[in-house]
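> Got a sequence here, can you model it:
(chains A and B, ligands or ions: 4)
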Number of protein chains: 2
Amino acid sequence: MRIGAIEAGGTKFVCGIGNERGEIRDSISFATEHPEITLDKVISYFKDKQVDAIGIGSFGPIDIRHGSPTYGYVTTTPKPGWENYDFLGTLRREFDVPYGWDTDVNAAAFGEATWGAAKGLSSCLYYTIGTGIGIGVYSEGKLVHGLVHPEGGHVLPRRHPNDDFAGICPYHGDCLEGMAAGPAIEARWTLKGHELPVDHPAWEIEAFYLAQSITGAILLNSPEKVILGGGVMQQSQLFPLIRDAVKENLNGYVSASEILDHIDEYIVPPGLGQQAGLCGALALGLAALRTTK
Amino acid sequence: MRIGAIEAGGTKFVCGIGNERGEIRDSISFATEHPEITLDKVISYFKDKQVDAIGIGSFGPIDIRHGSPTYGYVTTTPKPGWENYDFLGTLRREFDVPYGWDTDVNAAAFGEATWGAAKGLSSCLYYTIGTGIGIGVYSEGKLVHGLVHPEGGHVLPRRHPNDDFAGICPYHGDCLEGMAAGPAIEARWTLKGHELPVDHPAWEIEAFYLAQSITGAILLNSPEKVILGGGVMQQSQLFPLIRDAVKENLNGYVSASEILDHIDEYIVPPGLGQQAGLCGALALGLAALRTTK
Ligand SMILES: Nc1ncnc2c1ncn2[C@@H]1O[C@H](COP(=O)(O)OP(=O)(O)O)[C@@H](O)[C@H]1O
Ligand SMILES: Nc1ncnc2c1ncn2[C@@H]1O[C@H](COP(=O)(O)OP(=O)(O)O)[C@@H](O)[C@H]1O
Ligand SMILES: [Zn+2]
Ligand SMILES: [Zn+2]
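Ligands and ions are numbered 1, 2, ... in the order given. I've put the predicted structure just below:
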């Protein structure tokens, strides 16, 4: 079985070929440009690869509502050329195969639930903390779509007592993404995340905001695993800070041994590491193939 | 078809008999006492009614994890006699029928999705704002359970600028429930909710807290409908205040016409009114019957 996988990010695209065991055999990566240029590269990559299905985890917002006339489109993005772009339709005209189509973070959540840190579980949350903050939601064995799709990065947290940074989200100012994504760290400290020492107060503040969102998401959805990925989470000193803050926030209220006694195995990095996104797209492609069979 | 329904609240129990169209033909209600007394009343009500299945929406926390040794139990409640009480097992020993078993708010969400305000949709949130605050989560056509079950009432909101009330949640102080459930309103204003005039500043503050939680839940789960029930929501002036605050919080970020243009039909009271809980239990019983057939 040959499944095509596309991790369609706002900064870069990764395309690959994988199998039903989640093994990626081949992949390429290129910068995200105008959609015509970018999709041309995608199409030439898959041209002679004879894939049985293709899975796509895409940056958004995107239309993932089955039956919608713009299903498969990138919708309201400010990225030049991508607004109202028929991403899926463009591929369909080239390759007549089953398609899986979801957000980048939902794809990563699905990849982790299929082969990674949430393998065998029926729920997890996948956070990416990078240029933006996105949350993929997998509940009761299904990816959550709903009205549009989860946009959990824009929740409004309480302010850290030692933080007077205004926040940089163009919609909300001091929402989670505006306070804690990579560019917010850089704007607050005038240093990029990887330039800040591991004992810098930045990380306690960063953990404070992320932990608030995670606490809220645990209370609302009761996920069996919380997976934190993206560039900022390369700072592995964040994990213990976040775990402690989540426990402090919950204050024993959710009496699950997974949280009270084993939080080190509950809030974790992606089991698939840097491949969570691409493996997630692969898992979407595989699921699409199985549905049509 | 005769389905038994039990709305098991911390204050009162309602038992009824209904059919597959969501019609309740008969019901009784009594105060919640020690479990032995209470379950005796439940059992004598259903004794000669020859139900084909029973659905239960229960106060919690409860164990709803299939396969758990304490599945069907009420778990860590401070209510005398109810801690670690085998609610479902007690009924099973009397009536050998299929059982549906979930939280009171999940049941209400399911009832609303089956016959009420979210009929035909595959997702909704059901809030109860009463003695406590609970949130039922229905996503992708399924009730969300996860690790324990949703406990969304205990999320930590930002403080209203004109509010210095400390909050009364024994776990978190100023969590949503500690700031906005009925007893919190009473503690803050030394008047019960129904004694406060409709133009009292209490309601703007109340809406502020509820809207924050709703905003966060919309961002995380993207529900197709948000249903607000419970005693406090009898104050119907809260609805426009909440809708306005949610729109202000989102600030156009979620570009769905349901929110931008039709929020009056998006954040709504229960379609089943006071019967949401009992009809929800009925829907759980019906689903259990269909699964075993
Ligand atoms: N090692 C690191 N430590 C802290 N921040 C990092 C690190 N690597 C990347 N970042 C930050 O993460 C953001 C990029 O996120 P990344 O997940 O790599 O890509 P994207 O979100 O664009 O897909 C940038 O703001 C960058 O400063
Ligand atoms: N009409 C009303 N206006 C405002 N608050 C109310 C009203 N009716 C009940 N409440 C408040 O709601 C709480 C009871 O909630 P209710 O949903 O009726 O029951 P429970 O949550 O115990 O099942 C009490 O704190 C009460 O003060
Ligand atoms: Zn924002
Ligand atoms: Zn609380």
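
> Only C-alpha atoms from now on, for both contacts and neighbour counts.
Noted.

> who's in contact with the nearest residue to A:Glu186 once chain neighbours are set aside?
Nearest residue to A:Glu186 in three dimensions, chain neighbours excluded: A:Lys192, at 4.6 Å (Cα to Cα, 6 or more residues apart in numbering or on different chains). With contact set as Cα atoms under 8 Å, 6 or more residues apart in numbering or on different chains, A:Lys192 has these partners: A:182-183, A:185-186.

> possible to save the residues you listed as JSON lines with pLDDT and distance to A:Glu33?
JSON lines is the format used below for the contacts of A:Lys192 (pLDDT from 0 to 100; distance: Cα to Cα, whole Å):
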{"residue": "A:Gly182", "pLDDT": "98", "distance to A:Glu33": "21"}
{"residue": "A:Pro183", "pLDDT": "98", "distance to A:Glu33": "21"}
{"residue": "A:Ile185", "pLDDT": "98", "distance to A:Glu33": "26"}
{"residue": "A:Glu186", "pLDDT": "98", "distance to A:Glu33": "24"}
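
> which of those residues come close to ligand 1?
Among the contacts of A:Lys192, the residues that sit close to ligand 1 (Cα under 6 Å from any ligand atom) are A:182-183.

> Can you tell me which of the contacts of A:Lys192 has the most neighbours?
When neighbours are counted by other Cα atoms under 10 Å in any protein chain shown, A:Ile185 leads those with 24 neighbours.

> buried ones in stretch A:50-59?
Buried residues in stretch A:50-59, counted by 16 or more other Cα atoms under 10 Å in any protein chain shown: A:51-59.

> which pair in these spans the largest distance?
With Cα to Cα as the measure, no two of the buried residues of stretch A:50-59 lie farther apart than A:Asp52 and A:Phe59, at 23.5 Å.

> Tell me if I'm right that A:Tyr138 and A:Lys119 touch.
No - taking contact to mean Cα atoms under 8 Å, the distance of 11.9 Å between A:Tyr138 and A:Lys119 leaves them out of contact.

> Neighbour count for those two, which is higher?
Legend: neighbour count by other Cα under 10 Å for A:Tyr138 and A:Lys119, higher for A:Tyr138 (31 against 16).

> SS state for the more buried one?
What DSSP: H, G, I helix; E, B strand; the rest coil gives for A:Tyr138 is strand.

> Select the longest helix from chain A.
Secondary structure assigned by DSSP state H gives helix A:202-221 as the longest helix of chain A.

> Spell out which parts of the stretch 1-150 of chain A neighbour ligand 1.
Taking Cα under 6 Å from any ligand atom as the contact definition, the stretch 1-150 of chain A meets ligand 1 at A:9, A:11, A:130-132.

> Between these, which sits nearest ligand 4?
Within these, the smallest distance to ligand 4 is 29.4 Å, found for A:Gly132 (Cα to the ion).

> Next, the contact list for the closest one, please.
By Cα under 8 Å, 6+ apart, the contact list for A:Gly132 reads A:153, A:177, A:181-183.

> out of these, who's nearest ligand 4?
Distances from the contacts of A:Gly132 to ligand 4 were compared by Cα to the ion; the smallest belongs to A:Gly153, at 22.7 Å.

> Contact partners for that closest one?
Contacts of A:Gly153 were listed using Cα under 8 Å, 6+ apart, and they are A:132-135, A:175-177, B:219.

> same question, A:Ala31
By Cα under 8 Å, 6+ apart, the neighbours of A:Ala31 are A:11-13, A:38.

> I'd like to know how far A:Leu228 sits from ligand 1.
11 Å (Cα to the nearest ligand atom, to the nearest Å).

> does that residue sit in a helix, a strand or a coil?
strand.

> burial of it, as a residue count?
Residues within reach of A:Leu228, counting by other Cα under 10 Å, total 21.

> OK, contacts around it?
Shown here is A:Leu228, whose contacts under the criterion Cα under 8 Å, 6+ apart are A:126-129, A:267-270.

> for it, which residues make a bridge with it?
Note on A:Leu228: beta-bridge partners by DSSP bridges are A:Tyr127.

> Minimum distance to ligand 3, which residue of the stretch 101-250 of chain A gives it?
Counting by Cα to the ion, the stretch 101-250 of chain A gets nearest to ligand 3 through A:His154 (4.0 Å).

> okay, the residues of the stretch 1-150 of chain A next to ligand 1 in JSON lines with secondary structure next?
Output for these, formatted as JSON lines (three-state DSSP):
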{"residue": "A:Gly9", "secondary structure": "coil"}
{"residue": "A:Thr11", "secondary structure": "coil"}
{"residue": "A:Gly130", "secondary structure": "coil"}
{"residue": "A:Thr131", "secondary structure": "coil"}
{"residue": "A:Gly132", "secondary structure": "coil"}
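
> Please check those residues and keep the buried ones.
When neighbours are counted using 16+ other Cα under 10 Å, these contain these buried positions: A:9, A:130-132.

> the helices in the stretch 51-200 of chain A, which residues?
Under the criterion DSSP state H, counting those that start in this stretch, the stretch 51-200 of chain A carries helices at the ranges A:87-92, A:104-115, A:176-180, A:182-189.

> tell me how far the last one is from the chain's mean position?
On the basis of Cα atoms, centre = their mean, to the nearest Å, helix A:182-189 sits 20 Å off its chain's mean C-alpha point.
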